[in-house]
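# kindly return the folded structure for what I paste below:
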Amino acid sequence: MRSDNIKKGVARTPHRSLLMATGVSKKNMNSPFIGIASSFSDLVPGHIGMRDLERQIEKGIHTAGGQAFIFGVPAVCDGISMGHSGMQYSLPSRDLIADCIETVANAHQLDGLVLLSNCDKITPGMLIAAARINIPSIIVTAGPMLDGESRCEKLTMIKGAFEAIGKYRNGEITEDRLLELEEASCPSAGACQGLYTANTMACLTEVMGMSLPYCATSAAVSSQKRRIAFESGMEIVKWVEEDKKPLDIITKDTLRNAIIADLSMGGSTNSFLHILAIANAAGIDVTLKDFEELSYKIHQFVKLEPSSNITMTGFHNAGGVPAVVDELIKSVPEYKAKREYAGVYSDKSVIHPYSEPFTKKPGLGILYGNIAPEGSVIKISAVDESCYEFVGSAKTFDSEEDAMKALEDDLIKEGDVIVIRYEGPKGGPGMREMLAPTSLLVGKGLGTKAALITDGRFSGGTRGICVGHICPEAANGGVIALIKDGDKIRIDINKRTIDLLVSEDELEKRKKDLKPFVSSAKGYLGKYSRTVQDASHGAIV
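Next comes the predicted model:
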C-alpha cells in the first residue's frame, strides 16, 4: 500500500506514534488509509448537510476494513458570492481545491480518497485533483435541495428569488410577495434545484463513472443519499484493493460521454470549462473541437429547470442519470459505454426517447465569428427558438456592476446587445458568473428582446440570448474590447456564428488605439491573473 511509506518499518516509529495520536489503533495501522476530502461549510447551502454524510462515508470505509481520515477543503457558494467582487474568487477556487487535495493526499501518502462535494467549482476541482494524483478515488456529490413552494407555486432559487427582483422592479409583485418568495425559494440543504452548474457537474461525474448510480440526483436530505454515502465508503476500499484508479475511469471515451450527456440534457455552459480542465489534468486530448463536433450530432431529449419547470427532484423520480445513459447507449453510436444499467425505470414524459427529442438541436452550442475567433458558448436550450437569429445594437460596459446599473435604471431596451467585457479569466480576474444581469433581463421581460454577450461566464440557471466565454477575452486584446456603443452585432444560433458588423479596416484602426491591459489585482487573484489561460482551454492555470 502507498501508506506503507508512512507506517512500515523501524524508521517510521515516529510516524506511527503521530498516527496513534489521531486515534489509529495498532490493528488499523495495517488497513488502507482512506482520506475523506470534505467541503463541509456552514456558509454554503449545498454543503451544510455534509457532517452527516461524512459519518456515513466513514462508517462505510470502516465496515469494509479501511481507516478513514477526514480533512477539509474550501467551498464557495456562487449564489452568495455573485453580483459583487466575491465572485472573482469562485472559478479560481477550483484550482485551489485541487491543490489542497493533492497536497494533503500526497503529503500523507493516502491509499485512496472519497471526495465529498456538491457545488459549482468544488466538484470539478475534486475531479482535477483525482486525475492529477491518480490514486483510487470516488466522488460523493451531496445532492440537490428540495423544491421551494409558496401559495401552491413551485419555486427554485432562480425563478423564486433572482427573477423575482425584476418582477418586483417592474411592479408585477409587491414587496410583501418578494419577501415571501425570498424565504420560501431555498427550503433545505442541497445544491440549487435546477440543472445549473452544480447539478450538471454531479450528473457528468456519474456519467463518467466517478460516482455511484443515482448519486447526482438523490436529494441532499434523503435517506437514499445517506445510503449512497455509506456504499461509496465501502466501494473505495474495494477500489484500493483492486488498484482501480481515476485514469482507468476518466478516459477520452468517458469525457466524450460526459459531453454527449451534457448536450442531451442542456446542462450548464460552465461544464465546457471544467471538462477541458479535467482533460488537461488527465493528459487527455479533449478540446473545444470535441464539443463542436458532437453538438451537431446530439439531440436534446431532456429539458430541466431553467429551460422547463422540471427540477432535479422530478428528474430523479423520472429515472435520473441511469435512464439518460440507458437511452444514450441504445441510440447514440458516439456514446462509448463501459457499463450498462439493468432494468432502469424511465418516465418518458421527462426523459424522452432519443427518437422523440424536445429538439434536434443540442442543449449547448459553440459560436464562432470575428467577435469570438477562438469560440464562445451559449445554452441553446434556454433560448426561445424565435430568437435563434438576432441582430441588435451594442451597449458596452467594462464591468458587471456598470451593466447592472444600466438595467436597474431601465437604460436597456428592446433590440440592445449588452456587452460586458474585462470579466474574463485574466481580466476579471476570475471570470465572474453573471446570473444577476441575465435574471434581471428576463425579469424585466427582455429575455427574448435583448441579448447579452461577455468574456465572463454565466450560471447554469441563465436563460435568454446570452453568449459567454468569448475568446480571446478583452484583457488579451480580443475584438470584444473594440466594440463601441451602437455597433451592430449579429448572433445566429442556426449557423453557430457571432459577428460584429464592422469592417476589418475599422477594427484595425480601433486596435491601434487600444491600451494594453494591466491587472491591478493582488494576492491570490493577482497570481491567478498572471498564470491563467483563456476559457477555450478551460481557464487552467
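
# all strands for the protein, in order.
33-38, 67-72, 112-117, 137-141, 148-150, 153-155, 365-367, 376-378, 389-397, 416-420, 451-454, 465-468, 488-492, 497-500 (DSSP state E).

# dump the ones you listed into JSON lines; add mean pLDDT as well.
Below are the strands of the chain laid out as JSON lines (pLDDT from 0 to 100):
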{"stretch": "strand 33-38", "mean pLDDT": "98"}
{"stretch": "strand 67-72", "mean pLDDT": "98"}
{"stretch": "strand 112-117", "mean pLDDT": "98"}
{"stretch": "strand 137-141", "mean pLDDT": "98"}
{"stretch": "strand 148-150", "mean pLDDT": "95"}
{"stretch": "strand 153-155", "mean pLDDT": "92"}
{"stretch": "strand 365-367", "mean pLDDT": "94"}
{"stretch": "strand 376-378", "mean pLDDT": "94"}
{"stretch": "strand 389-397", "mean pLDDT": "97"}
{"stretch": "strand 416-420", "mean pLDDT": "97"}
{"stretch": "strand 451-454", "mean pLDDT": "96"}
{"stretch": "strand 465-468", "mean pLDDT": "95"}
{"stretch": "strand 488-492", "mean pLDDT": "98"}
{"stretch": "strand 497-500", "mean pLDDT": "98"}
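
# could you export those strands as CSV, including distance to V286?
Using the backbone N, CA and C atoms, a C-beta is placed for each residue, glycine as well. Formatted as CSV, these follow (distance: least, CB to CB, whole Å):
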stretch, distance to V286
strand 33-38, 24
strand 67-72, 30
strand 112-117, 21
strand 137-141, 19
strand 148-150, 37
strand 153-155, 37
strand 365-367, 14
strand 376-378, 15
strand 389-397, 30
strand 416-420, 28
strand 451-454, 24
strand 465-468, 20
strand 488-492, 26
strand 497-500, 23
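
# turn those into TSV, including mean neighbour count and distance to I48.
Shown next, in TSV, are the strands of the chain (neighbours: other CB atoms under 10 Å; distance: least, CB to CB, whole Å):
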stretch	mean neighbour count	distance to I48
strand 33-38	26	12
strand 67-72	19	14
strand 112-117	29	13
strand 137-141	30	15
strand 148-150	17	16
strand 153-155	17	19
strand 365-367	23	35
strand 376-378	28	31
strand 389-397	18	35
strand 416-420	25	32
strand 451-454	28	31
strand 465-468	27	29
strand 488-492	19	40
strand 497-500	22	40
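
# how about those, which one is nearest S349?
Closest approach to S349 among the strands of the chain is made by strand 153-155 (16.5 Å; CB to CB).

# quick check, S459 in contact with C77.
No. Contact between S459 and C77 fails when scored by CB atoms under 8 Å: they sit 11.9 Å apart.

# tell me which residues touch I236, please.
I34, G60, I61, A64, G66, G112, L113, V114, P136, S137, I138 (CB atoms under 8 Å, 6 or more residues apart in numbering).

# on that earlier part again, ok, which of the strands of the chain comes nearest Y214?
strand 137-141 (10.7 Å).

# in CSV, list the C-alpha atoms belonging to that closest one.
This file holds the C-alpha atoms of strand 137-141, laid out as CSV (Å, rounded to 0.1, in the frame of the first residue of the first chain):
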residue,chain,number,x,y,z
SER,A,137,-10.9,7.9,-5.7
ILE,A,138,-14.7,8.1,-5.7
ILE,A,139,-16.9,11.2,-5.6
VAL,A,140,-20.0,11.7,-3.5
THR,A,141,-22.0,14.7,-4.6
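
# got the angle for it vs strand 112-117?
20 degrees (axes from the mean of the first three to the mean of the last three CA atoms, to 10 degrees).

# and strand 137-141, what does it pack onto?
strand 112-117, helix 122-133, helix 197-208, helix 223-242 (3 or more CB pairs under 8 Å, 6 or more residues apart in numbering; DSSP states H and E).

# list of residues touching it?
53, 57, 112-118, 123, 126-127, 130, 191, 198, 201-202, 205-206, 210-212, 215-216, 228-229, 232, 235-236, 239, 245-246.

# OK, contacts around the residue at minimal distance from the centre of the chain?
Nearest residue to the geometric centre of the chain (CA atoms, centre = their mean): T197, 3.2 Å. The contact partners of T197, taken as CB under 8 Å, 6+ apart, are D78, C119, D120, S268, N270, S271, S459, G460.

# likewise Y422?
So Y422 contacts D398, S399, G428, D455, E473, A474, A475, A481, F517 (CB under 8 Å, 6+ apart).

# most neighbours among the residues you listed, which one?
D455 (32 neighbours; other CB atoms under 10 Å).

# for L304, give me its contacts.
G194, L195, M265, G266, I310, T311, M312, G314, F315.

# I'd say the fourth one and F301 touch.
This points to G266. No. The pair G266 / F301 is not scored as a contact, 9.7 Å apart, by CB under 8 Å.

# roughly how far apart are G125 and N199?
16 Å (CB to CB, to the nearest Å).

# ok so, going back, of S459 and C77, which one has the most company?
S459 (31 against 20).

# leaving out sequence neighbours, find the closest residue to that one.
L435 (3.8 Å; CB to CB, 6 or more residues apart in numbering).

# pretty sure the one you found sits against I158.
Yes. In this structure, L435 is within contact of I158 by CB under 8 Å, at 7.4 Å.

# quick one, helices of the stretch 51-200 of the chain?
78-81, 90-107, 122-133, 157, 163-169, 175-184, 197-208 (DSSP state H, counting those that start in this stretch).

# so how far is I250 from S355?
30 Å.

# what is the burial count for the residue nearest to K26 when sequence neighbours are not counted?
Nearest residue to K26, sequence neighbours excluded (CB to CB, 6+ apart): M20, at 7.8 Å. Neighbour count of M20, defined by other CB under 10 Å: 13.

# pLDDT wise, what is M20 at?
M20 carries a pLDDT value of 97.

# against S355, how distant is it?
61 Å.

# picking up where we left off before, what about the residue nearest to S459, how many neighbours?
23.

# for it, what are its contacts?
D78, G79, M82, G83, I158, F162, F458, S459, G461, T462.

# change it to 6 Å
M82, F162, S459, G461 (CB atoms under 6 Å, 6 or more residues apart in numbering).

# and the two most separated of the residues you listed?
M82 and G461 (10.4 Å).

# burial count for A107?
9.

# and the pLDDT for K338?
pLDDT, K338: 63.

# on that earlier part again, so S355 and I250 - more neighbours on which side?
When S355 and I250 are compared for neighbours, I250 comes out ahead with 25 against 10, by other CB under 10 Å.

# now do the contacts for K167.
Per CB under 6 Å, 6+ apart, neighbours of K167: I173, G443.

# actually K154, not the one I typed
D147.

# the same query, at a cut-off of 8 Å, please.
Contacts of K154 (CB under 8 Å, 6+ apart): D147, G148, N309, T311.

# point out the least confident one among those.
N309 (93).

# ranges for the helices of the stretch 301-450 of the chain?
312-317, 320-331, 400-408, 435-443.

# which of those sits closest to A281?
It's helix 320-331; of the helices of the stretch 301-450 of the chain, that one is closest to A281 (CB to CB) at 22.6 Å.

# return the distance of S223 relative to G143.
Distance from S223 to G143, by CB to CB: 12 Å.

# please identify which of these two sits among more neighbours.
Remark: of S223 and G143, G143 carries more neighbours, 30 against 9, as counted by other CB under 10 Å.

# burial measure for the closest residue to that one other than its chain neighbours, as a count.
Excluding its sequence neighbours, the residue lying closest to G143 (CB to CB, 6+ apart) is A220, at 3.9 Å. Here the count is done by other CB under 10 Å, and A220 has 24 residues near it.

# and I6, what does it touch?
Counted by CB under 8 Å, 6+ apart, I6 has contacts R12, H15, L19, H108, Q109.
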